[in-house]
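>>> Here is my input, please return the structure:
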Amino acid sequence: MKIQFAIDTTTTQKALELAAAAAPSVDILELGTPLIKSEGTAAITALKNAHPDKQIFADLKIMDTGYLEANLAFEAGADLVTVLGVADNSTIKGAVGAGRAHGKSVVVDLIGVKDKVTRAREVTELGATFVEIHAGLDEQAQDGYSLDTLLTAGKEAGVPFSVAGGVSPSTIGAVQSAGAQVAVVGSAIYSAEDPASAAAAVRQAVTA
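Numbering: from 1, shown residues only. Got it, this is the predicted structure:
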């Protein structure tokens with residue numbers, strides 16, 4: 001299982017600092033949506049130039065003009081780009097087409113999708129490399145939120161998937177056991193006093 005570091009900051013400089021600290025322990029470096037909105041696709045290029053050996057994940061959360069927006073990210077150096085699962089199928093197909101033109105991949109983010117199992121299967125048929133079973137920060141803050149709900153959906157869907165929604169060293173074993181291809185870890189690393197040590201702890205938990 002790969003580890004994806006979701007870098008939810010708003011400046012390229014801070015993103016580069018966090019990426020440098022975590023890089024020895026992670027496989028995929030994700031530019032969070034706030035960062036790309038703040039700094040533009042130049043942030044993608046900066047991160048790829050700094051870490052050419054890592055997969056760069058541009059969390060664009062595309063909702064329309066799938067080919068156009070995905071193409072912008074791929075041209076800037078992204079290896080993986082997200083499209084929202086609530087988007088029209090034509091938008092997802094467009095993004096997938098851009099990915100194929102560049103030899104890169106599209107991930108469909110199921111944030112906000114009620115029936116994650118059915119939609120996961122549908123978008124995989126449309127060409128998504130994998131789906132992200134995702135609960136956003138706002139959803140995680142609500143009473144009754146449980147990571148187990150995401151893990152159950154991923155297992156039931158039976159397609160390649162990642163999990164994002166409060167993954168930490170204490171929960172990553174459950175993510176691995178659920179069969180996820182990728183565990184997405186954000187605040188457990190970037191909010192830590194020592195991000196490098198926090199990332200190493202995540203890696204150790206997976207290895208164990």
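>>> make it CA atoms for all contacts and neighbour counts henceforth
Noted.
>>> What residues of stretch 29-44 count as buried?
Under the neighbour-count criterion of 16 or more other CA atoms under 10 Å, stretch 29-44 has 29-36, 41, 43-44 buried.
>>> Which of those fall within helices?
By the criterion of DSSP state H, membership of the buried residues of stretch 29-44 in helices covers 33-36, 43-44.
>>> now those in a markdown table, with distance to residue 193 and pLDDT?
Listed next are those as a markdown table, based on distance: CA to CA, whole Å; pLDDT from 0 to 100:
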| residue | distance to residue 193 | pLDDT |
| --- | --- | --- |
| 33 | 23 | 95 |
| 34 | 21 | 94 |
| 35 | 21 | 96 |
| 36 | 24 | 96 |
| 43 | 24 | 98 |
| 44 | 25 | 98 |
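>>> now for these, which pair is the farthest apart?
Farthest apart among these by CA to CA are 34 and 44. That separation is 12.6 Å.
>>> which SSE is residue 170 in?
For residue 170, there is no enclosing helix or strand under DSSP states H and E.
>>> so who does it touch?
Residues near residue 170 by CA atoms under 8 Å, 6 or more residues apart in numbering: residue 205.
>>> which SS class is residue 61?
Secondary structure, DSSP: H, G, I helix; E, B strand; the rest coil: residue 61 is strand.
>>> cool, and the one 10 residues further on?
The assignment at residue 71 comes out as helix when based on three-state DSSP.
>>> tell me the strands in this structure, going along the chain?
Taking DSSP state E as the test, the strands found in the chain are 2-7, 28-31, 55-62, 80-84, 105-109, 130-134, 161-164, 182-185.
>>> strands paired with the second one, and their directions?
Think strand 28-31. strand 2-7 (parallel), strand 55-62 (parallel) (DSSP bridges).
>>> And the fourth one, by the same measure?
Pairing partners of strand 80-84, with direction, according to DSSP bridges: strand 55-62 (parallel), strand 105-109 (parallel).
>>> Would you mind writing the CA trace of the lowest-mean-pLDDT helix or strand in the chain as CSV?
Across the helices and strands of the chain, mean pLDDT, DSSP states H and E gives its lowest value to helix 137-140, namely a mean of 83. Listed next in CSV are the C-alpha coordinates belonging to helix 137-140 (Å, rounded to 0.1, in the frame of the first residue of the first chain):
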residue,chain,number,x,y,z
LEU,A,137,-12.7,18.1,6.9
ASP,A,138,-16.1,19.5,7.3
GLU,A,139,-17.7,16.0,7.3
GLN,A,140,-15.0,14.7,9.7
